[in-house]
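**Q** structure for this input, please:
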Amino acid sequence: MMVESALEEHQRAIEEAEERKRLEAHFLEAKVEAGGLKIKLEMYLGEGPATDPQLLKIALSWLVQWEELRSKTRVLQDMERQYREVEPRADFDRLQRKFAAVSNSHKQLTMVHDMLKDQHETVLAAHEKVVAERDGLREENQTLRRAATPRPD
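**A** You can find the predicted model right below:
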């Protein structure tokens, strides 16, 4: 009998603990819901931290600074995009000077090439004349050797 009464008392204590936990959970849910309703009511009535003038000033100044930052960021991005497409002035001037120097040396080399080409053509023409004269003299020499009478020694 004692064991049964102890078991019943233990069972009753467990059920009371479970009931207490359910009531605490229900109480916490009600408390959270009440807090949400309180915030909604304050917003509806225009009270609470949402209507604090100092907080609103801070929020407005932050918003203005944020907008300025966004516009400056856009301008900066545009400038960076345009700068990537443009050659820097110092590099451009350096490349212009280099181009002028290369262009002048090319003109000089072209003139020297033309002069050497003319000289080469002149030398080739002279060589052809010399070869033709040599061939003519060789033919004349051959003819004279054939026509010459042998002489006794």
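
**Q** just give me the residue right at the centre of the chain.
**A** In the chain, the residue lying closest to the centroid (CA atoms, centre = their mean) is Arg84, at 8.6 Å.

**Q** could I get the pLDDT score of that one?
**A** The score at Arg84 is 77. That number is its pLDDT.

**Q** ok, which stretches of this protein are helices?
**A** For the chain, applying DSSP state H gives helices covering 2-45, 53-85, 89-147.

**Q** mean pLDDT lowest where, among these?
**A** helix 2-45 (a mean of 79).

**Q** and that helix, how far out from the chain's middle?
**A** 61 Å (CA atoms, centre = their mean, to the nearest Å).

**Q** what are the phi and psi angles of Ala148?
**A** In terms of degrees, to the nearest 10, the main-chain angles of Ala148 are phi -70, psi 140.

**Q** how is this structure divided into domains?
**A** Split into domains by automatic domain parsing, the chain comes to 1-51, 53-86, 91-148.

**Q** tell me the buried residues in the shortest one?
**A** So that's domain 53-86. Within domain 53-86, no residue is scored as buried using 16 or more other CB atoms under 10 Å. For glycine as for every other residue, the C-beta is placed from the backbone atoms N, C-alpha and C.

**Q** look up how far Arg145 lies from the residue of the chain most remote from its centre.
**A** Of all residues in the chain, Pro152 sits farthest from the chain's C-alpha centroid, using CA atoms, centre = their mean; the distance is 100.2 Å. Distance of Pro152 to Arg145, computed by CB to CB, to the nearest Å: 17 Å.

**Q** state the distance from Glu85 to Gln96.
**A** For Glu85 relative to Gln96 (CB to CB), the value is 19 Å.

**Q** same check, this time on Ala147
**A** To Gln96, Ala147 is 76 Å away according to CB to CB.

**Q** more crowded one of these two?
**A** The neighbour comparison of Ala147 against Gln96 (other CB atoms under 10 Å) goes to Gln96, with 10 against 7.
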